[in-house]
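>>> the following comprises the amino acid sequence and a computationally predicted model.
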Amino acid sequence: MDESSVKLDKVIAELVDMGFRFSRIIEAVNAVGPSVDAAINYIFDDNRDDEMVESHSSDSLTEKGNGKRVLSSSNPSRPMKQLKLNESIKTVETKLVDQSPDRIEEEDIGQDWELRVENVIKKHFGISSLKSFQKEALAAWVAHQDCLVLAATGSGKSLCFQIPALLTGKVVVVISPLISLMRDQCMKLAKHGVSSCYLGSAQKDPTVEGKAMRGVYDIVYICPETLLRLIKPLQELATKRGIALFAIDEVHCISKWGHDFRPDYWRLSVLREKFTTKKLKCLKFDIPLMALTATATIQVREEVLKSLHMSEDTRIVLTSFFRPNLRFSVKNSRTRDPNSYEKDFRELINIYTTKNTSDVTEDLISPELVYASDNSCSTSNDSSSELFDVLDGIEDDPLCESRNRGSFQTAKSVLKEKSMSVEYLEGECDLLKDVDDLDVSCAEFFGKLPAKANDDFQFSVTPERPIESPELFEEPLGLGPTIIYVPTRMETLLISDFICNFGVKAAAYHAKLPKSHLRQVHKEFHENSLEVVVATIAFGMGIDKSNVRRIIHYGWPQSLEAYHQEAGRAGRDGKLADCVLYADFTKVPTLLPSQRTEEHAKRANKMLSDCFRYGMNASCCRAKTLVQYFGEEFNNEKCQICDVCINGPPKVQDLKDEAKIFIKAIAQYAKRRFGDGLCVNKEARGVESSTLKLLVRTICTKVQKYAATGFLWWRGLARILEDKGLIREGTNMTNVQIRCPLPTHLGLEFLQSIPDEPFHVYPEADMLLSEKNKSYSPFAEWGKGWADPESYQEERQPRRYSWTNPWINPFRDPGRNPGRSTSRRVKPELRTVRGRLISKLSKKK
Ligand SMILES: Nc1ncnc2c1ncn2[C@@H]1O[C@H](COP(=O)(O)OP(=O)(O)OP(=O)(O)O)[C@@H](O)[C@H]1O
Ligand SMILES: [Mg+2]
């Protein structure tokens, strides 16, 4: 076969994949030659109206007056010309016949759509059946209803909006917040024989947008900013090829209070306004909206429905947020202190190093991960590597060096030039707010069905039913990759460096690292050549890797929403996975610096407080606490595998005396300061931040029995009493931990209650810690967090670290101890507010 006929075959095959009619393709290639773009232009520009009308009347779905989606059957058998171009045309033809029936042959989608869906998912995705929530979402779409899908991470939400494109021959438009997310989905769709593209400012090929608006791709991913610009062309697309559905993925980004807020999501109500029967006369129904997320507190749900202007009969499809194979646990650790790393990561290091020495296989050792100086390139044969090649070929980042140098080297050289600034390492919340998070510019994907769909793909199935066997806890965890989430950029570098030193293949990931480096981390993580990624929340949405075995949070997350979503990246293959939260029980967590309005700060504090309470609760099943947080009834009493279920709750204690003394002290203090009103006036507000401390100190000094009871213990009791409605925060501030307690009426009644009646409670984690360690100095540590400006400054000072990995320590200056700050050495006694006060007073004397 000569070269030109091979090219011709390819062009025809591609056009067939795009769904053009065979006769038109032949006509076009005869007229303009073997070029995909020219042929498309010929079909659309010269005969566009005919083609559109034709495709509408014969191929695509129309709606009957009875509300059911129906295919017109003007050309049911689709006779095709048999042209003897060359042998391979036969293959193409077979493919066309093979591919089309699901979309075009059936009569009434309203009646047997489930059967049609089964065919489609089997053929394209190798999946035998839909999950019940997927069926529900599709049923809403078939009935032209809006739908809000709230389903756990990794449960398969994408399928809900991908199927309509395959059933109808119309386009599905998906609004998605990040380019990397869109890219991942397009790559997967290409593997499954579905054509798609993504549009956004990262799209460097100007023809893709035009083609998308002419209906060339089945699924168009688009960022909200671009969507707003393309309303008119989309209206045209809806009129001509047709739009089956607008899907708004990761719709929690709409929530102003959420951890992933994207302002442009707020403007998506435009979809409901511009794509209705009133605006577009050709429509028989408003184009349905399908909003999807894995993060859905009741508040977020309401915000979504309201701000998208979803219809009143929107169907809400809610699945369980319970992931039975995730083993949650919470551990106490001084995570801000690098001296804790050895203790906390020893086990993890052992897991990987034992494996590395006993089982050194080539596929696990990527040459690029020989961090020190090897410049060779990865030679992985993993199928995903070819997809990443597409991305790697495009180096639009001016910071990038040539591909062969490897991006770790790039990171090293770029970072070397930066100074070790606090802003750089520990700035604001580390969100990739920009849609072009990875700045990739390749953005169209033409799918080719694999020869045998079933053989090529392994699907991760998240079990829908809870696993009943407690033996799951005994199962050894497999060797899959680990993600360690840390609050600050600096910690990504420190911890990855620490782990690397022991021979584990780890890398840091945060928003300020060069894009080429971030891309490389994604690539190696997906290829299984990277064992551990130490990341800020920037390693975020859409990380859909089935075999992640451990998610470690090293430091308090900012909310349970964020925690649940990040932890949800573990165990998507349904096998056991660990989700461990290491947090410093001695410190009340504080918000990461970020610009917030007063209202926003209040809400953020409330979310952080819920997260703190999750960690401090030592008596309730972790999974239960989490799913109940999302408004779900937890049917099982326990998950049976979390640390609380395994270790059992602590012993119940009767704390009647302590509770009474505490409330009495609060009541007396409040009366003395504020009179009987039991309400803190505005002027007093600022003074009150340390009331809890004062109260505890008073009790400890006045009541001998409690002299040795630590502040942490009382702090825990205060939370219990607050939860029971016996005390409340006296200021109108929302604090993570109650600071200025006032008794409630219920609390005052409690003081009068019968003395013999016990007050049984489960002690909280900080109380247990305090009991365990009586020598712990309660007051010295209190308030030392970011909430305290002095200690915050202090915390921001670089500490003494033993930097050994040269690329990870880009600031290393040989000849100087890099971690130690020379400019701001503070005498130890001046490091606390109390210390400074004492020093001042003694100077005065
Ligand atoms: N019915 C099904 N049967 C088996 N596997 C499925 C089914 N539906 C989806 N999957 C698989 O589940 C995995 C996760 O799917 P998907 O990425 O859509 O999850 P998601 O709910 O969107 O997760 P996230 O919240 O992280 O975005 C995919 O690998 C997909 O192939
Ligand atoms: Mg998803």
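Okay, I see it. Ligands and ions are numbered 1, 2, ... in the order given.

>>> in the stretch 101-250 of the chain, where is pLDDT below threshold?
101-111, 202-204 (pLDDT under 70).

>>> how about the residues of it that lie near ligand 1?
Within the stretch 101-250 of the chain, the positions near ligand 1 by C-beta under 6 Å from any ligand atom are 127, 130-131, 134, 151, 153-159. In this view, the C-beta of every residue, glycine as well, is placed from N, C-alpha and C.

>>> count residues in the vicinity of the closest residue to ligand 1 within the stretch 251-400 of the chain, would you?
Here the stretch 251-400 of the chain gets closest to ligand 1 at one residue, A294, 3.8 Å apart by C-beta to the nearest ligand atom. Neighbourhood size, A294 [other C-beta atoms under 10 Å]: 23.

>>> hmm, it is touching V149, no?
No. A294 is not in contact with V149 according to C-beta atoms under 8 Å; the separation is 9.4 Å.

>>> quick check: neighbours shared by the two?
K157 (C-beta atoms under 8 Å, 6 or more residues apart in numbering).

>>> return the residues of the stretch 251-400 of the chain in contact with ligand 1.
Counting by C-beta under 6 Å from any ligand atom, the stretch 251-400 of the chain sits next to ligand 1 at A294.

>>> pLDDT below threshold where in the stretch 251-400 of the chain?
Counting by pLDDT under 70, the ranges of the stretch 251-400 of the chain that qualify are 256-260, 355-400.

>>> hey, where'd the helices end up in it?
270-274, 298-307, 341-358, 383-392 (DSSP state H, counting those that start in this stretch).

>>> keeping just the C-alphas, turn the longest one into PDB.
Spelled out, it's helix 341-358. Taking Å, rounded to 0.1, in the frame of the first residue of the first chain, the C-alpha atoms of helix 341-358 are listed here in PDB:
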ATOM      1  CA  TYR A 341       9.400  12.800  61.200                       C
ATOM      2  CA  GLU A 342      11.600   9.900  62.200                       C
ATOM      3  CA  LYS A 343       8.900   8.500  64.500                       C
ATOM      4  CA  ASP A 344       6.000   9.200  62.200                       C
ATOM      5  CA  PHE A 345       7.400   8.100  58.900                       C
ATOM      6  CA  ARG A 346       9.600   5.200  60.000                       C
ATOM      7  CA  GLU A 347       6.900   2.600  59.200                       C
ATOM      8  CA  LEU A 348       6.200   4.100  55.800                       C
ATOM      9  CA  ILE A 349       9.900   4.200  54.900                       C
ATOM     10  CA  ASN A 350      10.300   0.600  56.000                       C
ATOM     11  CA  ILE A 351       7.400  -0.400  53.700                       C
ATOM     12  CA  TYR A 352       9.100   1.000  50.700                       C
ATOM     13  CA  THR A 353      12.700   0.400  51.500                       C
ATOM     14  CA  THR A 354      12.100  -3.300  52.400                       C
ATOM     15  CA  LYS A 355      10.300  -3.700  49.100                       C
ATOM     16  CA  ASN A 356      13.000  -1.800  47.200                       C
ATOM     17  CA  THR A 357      15.800  -4.000  48.400                       C
ATOM     18  CA  SER A 358      14.000  -7.200  48.000                       C
END
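
>>> what about the stretch 601-750 of the chain, any weak spots by pLDDT?
The model of the stretch 601-750 of the chain has pLDDT under 70 over residues 674-690.

>>> now whatever residue of it ends up closest to ligand 1: closest residue in space, sequence neighbours ignored.
Using C-beta to the nearest ligand atom, the closest approach of the stretch 601-750 of the chain to ligand 1 is made by F630 at 13.2 Å. Of all residues not flanking F630 in the chain, F321 sits nearest, at 4.9 Å (C-beta to C-beta, 6 or more residues apart in numbering).

>>> I'd say that neighbour and V627 touch.
Yes. Using C-beta under 8 Å, F321 is in contact with V627, at 4.6 Å.

>>> show me what contacts the closest residue to C621 other than its chain neighbours?
Nearest-residue entry for C621: K638, 4.1 Å, with adjacent residues in sequence omitted and distances by C-beta to C-beta, 6+ apart. Contact analysis of K638 by C-beta under 8 Å, 6+ apart lists 621, 623-624, 644-645.

>>> how close does K638 get to S155?
Using C-beta to C-beta, to the nearest Å, K638 is found at 22 Å from S155.

>>> what's the burial count for the residue of the stretch 601-750 of the chain closest to ligand 1?
F630: 22 neighbours (other C-beta under 10 Å).

>>> show me the contacts for it.
296-297, 321, 564.

>>> who wins for neighbours among those?
Highest count within those by other C-beta under 10 Å belongs to A296, 26 neighbours.

>>> what bridges to the residue nearest to it when sequence neighbours are not counted?
Distance criterion C-beta to C-beta, 6+ apart; nearest residue to A296, sequence neighbours excluded, is L150 at 4.1 Å. With DSSP bridges as the criterion, L150 is bridged to T293, L318.
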